[in-house]
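Asks: With the input below, show me the fold.
(one chain, ligands or ions: 1)
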Amino acid sequence: MEQALRKIWIVDFGSQYTQLITRKTRELGYSSAIMTLDEVQELLKEGKKPGCLVLSGGPDSLSTDKTDYGFLFNLGVPTLGICYGLQIMANYFGGKVAPGTIGEYGHADIHLTNGFKLDHCPENFQVWMSHFDHVEKVPEGFTLIMESHNGMVAGIRDKDRGMMGLQFHPEVEHSNFGKEILNYFYEEVAKLDEDWDRNEMLKEATDLVKKVGDKKVLCAFSGGVDSLVAATIAHEVIGDNLYCFFVDHGLLRPQDHIHIETLKKETPLNIEIIDAKEAFLSKLKGVSDPEEKRKIIGHTFIEVFEEKVHLFENDHGVKFEYLLQGTLYPDVIESTSPHKKGGKSVTIKSHHNVGGLPERMKLELLEPLRYLFKDEGRKIGEELGLRHEWVYRHPFPGPGIGIRVLGELFDDSIRKVGESDQILFEELHAFNVYESVAQAFTVLLPVKTVGVKGDGRAYEEVICLRLVSTTDYMTATWSDLPREFLSRVSNRITNEVKGVTRVVYDITSKPPGTIEWE
Ligand code: XMP
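Replies: You can find the predicted model right below:
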């Protein structure tokens, strides 16, 4: 389904949670697309119109943002304002928005007011807030339907005009009954019919591949679930016109080598493994800044890839015209929103796996998963008959161990992380907890610590274990795993990995910590 034809347009004002609105909206059975204000204006000019609008939260304040948002409210379509979206709505309809004397961040208790009732929802419950400005006066025609325990406006509604506003974030997991509240808006206020069919996902992805006809397609293959599912879909459509190139940058874990060899043997994909360890590691010598390391890895990846592809084209007399990538919807939003399209989301880290290659190589991009979330890609993978352990493999970042050895990379530090990670991986399986965490890895800290090994003093390095639970990778909590498991991993690492005396456990959530350490 074309983006503009999706029923619900989610207008991005820059909240870190905008994608979660789409996620929840799909779970409720409605199609939606995230758009910047510029994109909305372009589509309106083309005469297109949504079934309803959702205005996201965002970092701006109406004390400085003087934009006229009238064009959104004059469309005559039902509209839900969330956080900043609520403030824009209240302000437009003649209410008053003012800076608070206190902010509300994190959990907040709210209650339903003025006789407002929601199915399956008690009168008092907890939600997730993140705001300083607040609605001081409810606009005429609107009813206050939810209030926070601080006496602040939490929800307003004007059913006749199809308008509703929420000061909290119903889209985040921490908001109890958030999904029910969104559903209430779509069903009762906007009066939409469900239109998102899960089976459509595979069909849409397949249709995207059909456009290549009998042209040759190149895939930057990582072996992760996204590129594996994308490649499998493409292979079903175009067969051996698909060529998968896997770059070994020398920053892989032992399990990654085994995995890629298994895929080469057990799937029908044409997988070409490029050994480029030397090129990467020589360029990373002496570099300790994390962003610098990411950039070098990203650029070297492009150089190596381009060179090998040209050699391959010459040797085999083929010409590639498309580049297949396992890009997912969150990557699309993260990489296009801040810079290219006038969106407002903030870049936290530069990911190297989106963009870069096509312009230089004159290849057209093919991204069959570009409108899907990770778990939707996984479902498709299962439907395609891929092995469960491949589909539920934890994600591994493009820069690999390169961002898990903090500071400068040395052969010996790469070895320490590789060996520790292998132990962690083995024990996750032995304790049958691999799938109860979303991602698990070890990080080598750039400090030395005193220990005692045998009868002697040791002065060696520290490994940190990072295990997180998350579904969307945007927010995460540290995983609370059995003590016996942690103890076993720690014991094995300090005994088996030469040069490591101490193991620590990271108990930081995201935010404020990111999942990776660099
Ligand atoms: P952060 O550290 O941003 O990680 O909380 C969120 C998810 O993204 C992965 N990650 C990356 N993946 N290239 C990638 O392909 C990168 O540069 C990169 N940095 C982080 C991280 O492993 C986690 O799954």
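Asks: which stretches of the stretch 1-150 of the chain form strands?
Replies: 8-11, 32-35, 52-55, 79-82, 96-112, 124-137, 143-148 (DSSP state E, counting those that start in this stretch).
Asks: Could you do the stretch 351-500 of the chain as well?
Replies: Per DSSP E, counting those that start in this stretch, the stretch 351-500 of the chain carries strands over the ranges 364-366, 439-453, 456-469, 477-478, 500-505.
Asks: want to throw these into CSV with mean neighbour count?
Replies: Where C-beta positions appear, they are placed from N, C-alpha and C, glycine not excepted. Below are those laid out as CSV (neighbours: other CB atoms under 10 Å):
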stretch, mean neighbour count
strand 364-366, 18
strand 439-453, 17
strand 456-469, 18
strand 477-478, 16
strand 500-505, 18
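Asks: could those strands be laid out in JSON lines, adding distance to the ligand and mean pLDDT?
Replies: Formatted as JSON lines, these follow (distance: least, CB to the nearest ligand atom, whole Å; pLDDT from 0 to 100):
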{"stretch": "strand 364-366", "distance to the ligand": "17", "mean pLDDT": "91"}
{"stretch": "strand 439-453", "distance to the ligand": "5", "mean pLDDT": "96"}
{"stretch": "strand 456-469", "distance to the ligand": "8", "mean pLDDT": "96"}
{"stretch": "strand 477-478", "distance to the ligand": "12", "mean pLDDT": "94"}
{"stretch": "strand 500-505", "distance to the ligand": "17", "mean pLDDT": "98"}
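Asks: of all those strands, which lies closest to residue 161?
Replies: strand 477-478 (39.2 Å; CB to CB).
Asks: Tell me the neighbouring strands of the closest one, and mark each as parallel or antiparallel.
Replies: Using DSSP bridges, the strands paired with strand 477-478 are strand 456-469 (antiparallel).
Asks: residue of the stretch 1-150 of the chain with the smallest distance to the ligand?
Replies: residue 16 (11.2 Å; CB to the nearest ligand atom).
Asks: State the distance from that residue to residue 165.
Replies: 20 Å (CB to CB, to the nearest Å).
Asks: Low-confidence regions, the stretch 301-450 of the chain specifically.
Replies: 333-358 (pLDDT under 70).
Asks: run the last query once more with 50
Replies: Along the stretch 301-450 of the chain, the parts satisfying pLDDT under 50 run over 336-352, 354.
Asks: which helices and strands does the lengthiest helix in the chain pack with?
Replies: The single longest helix within the chain, with elements called by DSSP state H, is helix 290-316. If you count contacts as 3 or more CB pairs under 8 Å, 6 or more residues apart in numbering; DSSP states H and E, helix 290-316 packs onto strand 242-248, strand 271-275, helix 277-284, helix 357-361.
Asks: and if we set it to 6 Å?
Replies: Packing partners of helix 290-316 (3 or more CB pairs under 6 Å, 6 or more residues apart in numbering; DSSP states H and E): helix 277-284.
Asks: Now the helix it packs on: buried residues?
Replies: 279, 280, 281, 284 (16 or more other CB atoms under 10 Å).
Asks: need the contact list for the residue nearest the centre of the chain.
Replies: Nearest residue to the geometric centre of the chain (CA atoms, centre = their mean): residue 330, 4.6 Å. By CB atoms under 6 Å, 6 or more residues apart in numbering, residue 330 lies in contact with residue 19.
Asks: now with 10 Å?
Replies: 19, 20, 22, 23, 372, 373, 374, 472, 473, 474 (CB atoms under 10 Å, 6 or more residues apart in numbering).
Asks: Who does residue 503 form a beta bridge with?
Replies: Residue 503 has the following beta-bridge partners by DSSP bridges: residue 463.
Asks: re the thing from before, I'd like the strands of the stretch 1-150 of the chain written out as JSON lines, with mean neighbour count and distance to residue 398 added.
Replies: Below are the strands of the stretch 1-150 of the chain laid out as JSON lines (neighbours: other CB atoms under 10 Å; distance: least, CB to CB, whole Å):
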{"stretch": "strand 8-11", "mean neighbour count": "26", "distance to residue 398": "28"}
{"stretch": "strand 32-35", "mean neighbour count": "24", "distance to residue 398": "24"}
{"stretch": "strand 52-55", "mean neighbour count": "26", "distance to residue 398": "32"}
{"stretch": "strand 79-82", "mean neighbour count": "29", "distance to residue 398": "32"}
{"stretch": "strand 96-112", "mean neighbour count": "15", "distance to residue 398": "32"}
{"stretch": "strand 124-137", "mean neighbour count": "19", "distance to residue 398": "30"}
{"stretch": "strand 143-148", "mean neighbour count": "19", "distance to residue 398": "42"}
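Asks: could these go into a markdown table alongside distance to residue 431 and mean pLDDT?
Replies: Shown next, in a markdown table, are these (distance: least, CB to CB, whole Å; pLDDT from 0 to 100):
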| stretch | distance to residue 431 | mean pLDDT |
| --- | --- | --- |
| strand 8-11 | 40 | 96 |
| strand 32-35 | 39 | 92 |
| strand 52-55 | 42 | 98 |
| strand 79-82 | 40 | 98 |
| strand 96-112 | 32 | 88 |
| strand 124-137 | 32 | 92 |
| strand 143-148 | 42 | 97 |
